[in-house]
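[1] Sequence and predicted structure are below.
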Amino acid sequence: MPDRIPQLDDLASAAKESPMLSPSEIRRRGDRQRTARQATGAVAAVLALTVGGFAVWNSPLLDDIRGPQWAEAPGPTTPTTDSPLFPLTTPSQDPTNIPTPDPEHPGPPAPTWDNVPKPQVFAFDHPDVVDLITNERESLEGGPIGACAPDEAGSPNRVLVREFGGPETADLTYRWAVVLGYPSVDEAITGFEAIRDAALGCDERLRQDGMTTAVEDLTKLAEFDRGEDTDLGNVLVKGSRENGSGLFSETVALRSGARVLWVSTTNEDEDNPVGWTCVPNADPDLPRCEVPAVLPELLDLLDK
Amino acid sequence: MDEEQFDRLYADSFSRLVGQIYAMCGDLAEAQDCVQEAFIRAWDRRRTLDNADHPEAWVRTTAYRLAVSRWRKAMRAFRPADRALQAQPVKEPSPDRVAVADALAQLPADQRRAIVLYHLCDLSVAEVADEVGSPTGTVKARLSRGRATLARLLNTDLEVRHA
């Protein structure tokens, strides 16, 4: 039992005089908060459906239904992604796709695809071997984000997911770069913590899958001069099975203001455990991990 | 977590948590607000709370984060004219409380948090490390430096050994 400091106890005892709401009032406010969040989600879903429906209606696939559009002449198209693999999932850069702020309560500006890292940024020491973009989406639904994702990352009002695969195995996504925009800094902190805490607790999840695990919080090693109003988390989780296979999952979470960048890298090998042969900080003997090595650039990108 | 369990957690720990957050942030009204908001979030996200090993620690961490976030916002938004809008404390604290609050305020935030978690919340070094997300060696160093500074400021002996 730690020794007490009487002066500290006396200071804290001031709280005994503090008024408190009734438990039922606390629950009522909690219920109201939940309802508001769900309503926001429902509105976002309706908006997404509306925008999506509009896009489908305007797509060439429905030309026969809509009838001929004689006035529309085919024009040049500009590719919006450097991935040749999933052109249909390329997100629209149409500004109508970005949530419109309430003019009376302008929130923080929503992030755009310009804030999401591209593979080149991680190829700083091997620019001739650059990952491919395997998919892009605007939701946390539709596929896992690495092995250590949280059940929910707070209540973002904008989600942008860019998935990467190795140049020779492009069908195998192994890295996810996610940018989340939140209505407020507080909510961004909640989202950041959910991502970081899920990574810190990921060993438990892998153990339930029958793996022997280890988790390392490498945040201190990855630290850089990131200024105020930011949070950083860097967690490495290793899991190995009795048959010798295993996985390594690295989570890097970076919050700046009301935005969070989350880069999850999961390497899995069924035959040989994948070695994690890099370190987050500069080291004379070992290569630097790709994501922590470019944190200053990623922060600039997130703030752009 | 059902209503009864939540109400019991709230009734049992509210004042204690306010005292702890007060010691961390130095503002009693702010501490009350943050703990209250943390409990509201706890009920809103009670599924998360169900998964937490120590619900009280979850609420404390959330309240602390809220306090830090509000402080950052206040620092950004502060203008001299805003002084007039600040709420005045209802009751004047005793000189002793002022002295220890002032001394705590002079500690770096991470040392202050470690001191409060260890000496006020009765957590072990390992539990403090777990809650703040730092290695135990770092926590020990923060405790040692924090105690030394507090002892000097309060003109007392706070030499304490820990595992």
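    Structure's in. What do you need?
[2] mind listing the strands for the chain?
    Since you didn't name a chain, this refers to chain A. A:132-137, A:158-166, A:169-181, A:212-217, A:230-240, A:246-256, A:259-269 (DSSP state E).
[3] Among these, show me which one is buried the most.
    Of all the strands of chain A, strand A:246-256 has the most neighbours on average by mean count of other Cβ atoms under 10 Å in any protein chain shown, namely a mean of 25. All C-beta spots, glycine's among them, are computed from the backbone N, C-alpha and C.
[4] Could you list the residues of the stretch 1-150 of chain A in contact with chain B?
    Contact residues (Cβ under 8 Å from any Cβ of the partner chain) of the stretch 1-150 of chain A with chain B: A:1-5, A:7-21, A:23-24, A:26-27, A:29-31, A:33-34, A:37.
[5] picking that back up, for residue B:153, which of the strands of chain A is the nearest?
    strand A:230-240 (29.5 Å; Cβ to Cβ).
[6] Sheet-wise, list the partners of that closest one with their directions.
    strand A:212-217 (antiparallel), strand A:246-256 (antiparallel) (DSSP bridges).
[7] Surely residue B:43 and residue A:25 touch.
    No. Residue B:43 is beyond contact range of residue A:25, at 10.5 Å (criterion: Cβ atoms under 8 Å).
[8] Looking at the two, which is more packed in?
    residue B:43 (23 against 12; other Cβ atoms under 10 Å in any protein chain shown).
[9] Could you export the strands of chain A to TSV, including columns for mean pLDDT?
    As requested, those are exported to TSV (pLDDT from 0 to 100):
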stretch	mean pLDDT
strand A:132-137	90
strand A:158-166	91
strand A:169-181	84
strand A:212-217	86
strand A:230-240	90
strand A:246-256	91
strand A:259-269	88
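[10] out of these, nearest to residue B:141?
    Closest to residue B:141 of the strands of chain A is strand A:212-217 (Cβ to Cβ; 16.4 Å).
[11] could I have that closest one exported to CSV, CA atoms only?
    Provided in CSV are the C-alpha atoms of strand A:212-217 (Å, rounded to 0.1, in the frame of the first residue of the first chain):
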residue,chain,number,x,y,z
THR,A,212,1.0,-16.5,-27.5
THR,A,213,1.3,-12.8,-27.5
ALA,A,214,3.4,-9.8,-26.5
VAL,A,215,2.5,-6.1,-26.6
GLU,A,216,4.9,-3.2,-26.6
ASP,A,217,4.0,0.4,-26.2
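[12] before we move on, the earlier item: just send the strands of chain A back as CSV, with distance to residue A:187 too.
    Listed next are the strands of chain A as CSV, based on distance: least, Cβ to Cβ, whole Å:
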stretch, distance to residue A:187
strand A:132-137, 21
strand A:158-166, 12
strand A:169-181, 10
strand A:212-217, 24
strand A:230-240, 13
strand A:246-256, 11
strand A:259-269, 10
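[13] So which of those strands is nearest residue B:31?
    Nearest of these (Cβ to Cβ): strand A:230-240, 21.4 Å.
[14] ok, now how distant is residue B:37 from residue A:262?
    In this view, residue B:37 and residue A:262 are 25 Å apart by Cβ to Cβ, to the nearest Å.
[15] related to what we said a few turns ago, okay, the strands paired with strand A:230-240 in a markdown table with distance to residue B:14 next?
    As requested, the strands paired with strand A:230-240 are arranged in a markdown table below (distance: least, Cβ to Cβ, whole Å):
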| stretch | distance to residue B:14 |
| --- | --- |
| strand A:212-217 | 30 |
| strand A:246-256 | 28 |
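[16] Between these, which one is closest to residue A:228.
    Judging these by Cβ to Cβ, what sits closest to residue A:228 is strand A:246-256, at 9.9 Å.
[17] still on that earlier bit, right, so of the strands paired with strand A:230-240, which gets closest to residue A:135?
    strand A:246-256 (18.6 Å).
[18] Per the annotation, how does chain B divide into domains?
    B:1-91, B:93-163 (automatic domain parsing).
[19] what's the offset of the shortest one from the middle of its chain?
    Averaging C-alpha coordinates over domain B:93-163 and over its chain gives two centres that are 11 Å apart (Cα atoms, centre = their mean, to the nearest Å).
[20] where are the low-confidence patches of chain A?
    A:1-2, A:34, A:36-106, A:167-171, A:269-277, A:284-287 (pLDDT under 70).
[21] At which residues are the helices of the stretch 51-200 of chain A located?
    A:63-66, A:119-122, A:185-200 (DSSP state H, counting those that start in this stretch).
[22] again, but for chain B
    B:3-25, B:28-44, B:46-51, B:55-77, B:95-105, B:109-115, B:125-132, B:136-154 (DSSP state H).
[23] export the ones you listed to CSV and tack on mean pLDDT and distance to chain A?
    As requested, these are exported to CSV (pLDDT from 0 to 100; distance: least, Cβ to the nearest Cβ, whole Å):
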stretch, mean pLDDT, distance to chain A
helix B:3-25, 91, 3
helix B:28-44, 88, 3
helix B:46-51, 70, 8
helix B:55-77, 73, 5
helix B:95-105, 79, 4
helix B:109-115, 89, 7
helix B:125-132, 88, 8
helix B:136-154, 88, 6
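[24] can you redo those helices as JSON lines with distance to residue A:210?
    As requested, the helices of chain B are arranged in JSON lines below (distance: least, Cβ to Cβ, whole Å):
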{"stretch": "helix B:3-25", "distance to residue A:210": "32"}
{"stretch": "helix B:28-44", "distance to residue A:210": "32"}
{"stretch": "helix B:46-51", "distance to residue A:210": "20"}
{"stretch": "helix B:55-77", "distance to residue A:210": "28"}
{"stretch": "helix B:95-105", "distance to residue A:210": "47"}
{"stretch": "helix B:109-115", "distance to residue A:210": "37"}
{"stretch": "helix B:125-132", "distance to residue A:210": "25"}
{"stretch": "helix B:136-154", "distance to residue A:210": "29"}
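[25] Of all the ones you listed, which one is nearest residue A:161?
    helix B:46-51 (22.4 Å).
[26] Can you list phi and psi of residue A:124 for me?
    phi -60, psi -30 (degrees, to the nearest 10).
[27] Might you report the residue contacts of the nearest residue to residue B:115 once chain neighbours are set aside?
    Excluding the flanking residues, the one nearest residue B:115 by Cβ to Cβ, 6 or more residues apart in numbering or on different chains is residue B:146, at 4.4 Å. Applying Cβ atoms under 8 Å, 6 or more residues apart in numbering or on different chains, we find residue B:146 in contact with B:107, B:111-112, B:114-115.
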